[in-house]
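Engineer: whatever this is, show me its structure:
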Amino acid sequence: MTALLLIAHGSRDPRHAATVAALVGRVRAQRPGLDVATAYLDHCAPRIPQVVGRLGAAVAVPLLLNRAFHAKHDIPAALRAAGAGLPVADVLGPSPLLLAALDRRLAGAGLDVASAAVRARTGVVLAAAGSSDPAADAATRAVAAEWRRTRGWAAVEVAYAAGTGPRVPEALAALHAAGAARTAVSPYLLAPGRLPDRIAEAATEADLCADVLGAAPELATLLLERHDEALRTSRAIPALTA
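Structural biologist: Down below sits the predicted model:
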């Protein structure tokens, strides 16, 4: 069975690695017998060269929401430096499973997401990290639009914790201007850390703030889907074969 090499960014915040470990546990529970290994780009161990040497056939699966700098440049460069010509899966977004995970986190924060009437009165801030890559920001906005379309929220506004673009208070003001009777902030982030903390601190005027996506079961399913898709196509990132 072809292994799954999960490649996470890494963080100095110990909650990040703990969340990645919990997510890996869910992946293993969903597919017993699959060899699942973890490597980090920065801050945490083990790094990619420490892991690929002990793996046989494997698919590298980025733990990333958008195809921005880390997916386009950092991961290919790290794999190339390690001499690992592995097939590399696509990033996680977009996917209906991510929307389901966002719903789960809002429900966990106390919102009755199963009620169409509640959703129609509620405006949501999709709070992302932010990126200097316009394509990544466009992808986040597309997720927000799809989330509103499929769930019937009163409105969905995008905000960013870093970089340019609106911040959470501005997005909340836009929701109120759009007529939302209730507001919620939903971090579009994978693990706890500095940026999620910044989002939570800025969300004091919202009626509720959800947790990060974390080790949601939908993310574990999605990681396995990306692994299987890459395995079927045996598609390596071009930078590895150039």
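Engineer: now the strands for this protein?
Structural biologist: 3-8, 36-40, 58-62, 122-128, 155-160, 182-187, 208-209 (DSSP state E).
Engineer: looking at those, which is buried most?
Structural biologist: Neighbour counts (mean count of other Cβ atoms under 10 Å) averaged over each of the strands of the chain peak at strand 122-128, with a mean of 28. C-betas here are computed from N, CA, C, even on glycine.
Engineer: helices and strands of the chain: which one bottoms out on pLDDT?
Structural biologist: When the helices and strands of the chain are scored by mean pLDDT, DSSP states H and E, helix 238-241 comes last with a mean of 38.
Engineer: so for this structure, the centremost residue is which one?
Structural biologist: Nearest to the geometric centre of the chain sits Leu65, at 3.8 Å (Cα atoms, centre = their mean).
Engineer: what about that residue, distance to Pro134?
Structural biologist: According to Cβ to Cβ, to the nearest Å, Leu65 and Pro134 sit 16 Å apart.
Engineer: and if you look at Trp147?
Structural biologist: To Pro134, Trp147 is 20 Å away according to Cβ to Cβ.
Engineer: quick one, which of the two is more surrounded?
Structural biologist: Summary of the neighbour comparison: Trp147 and Pro134, criterion other Cβ atoms under 10 Å, with Trp147 having more neighbours (22 against 9).
Engineer: doesn't Val156 make contact with the more buried one?
Structural biologist: Yes - using Cβ atoms under 8 Å, Trp147 is in contact with Val156, at 5.5 Å.
Engineer: okay, and the common contacts of those two?
Structural biologist: Common neighbours of Trp147 and Val156, counting by Cβ atoms under 8 Å, 6 or more residues apart in numbering, are Val124, Leu126.
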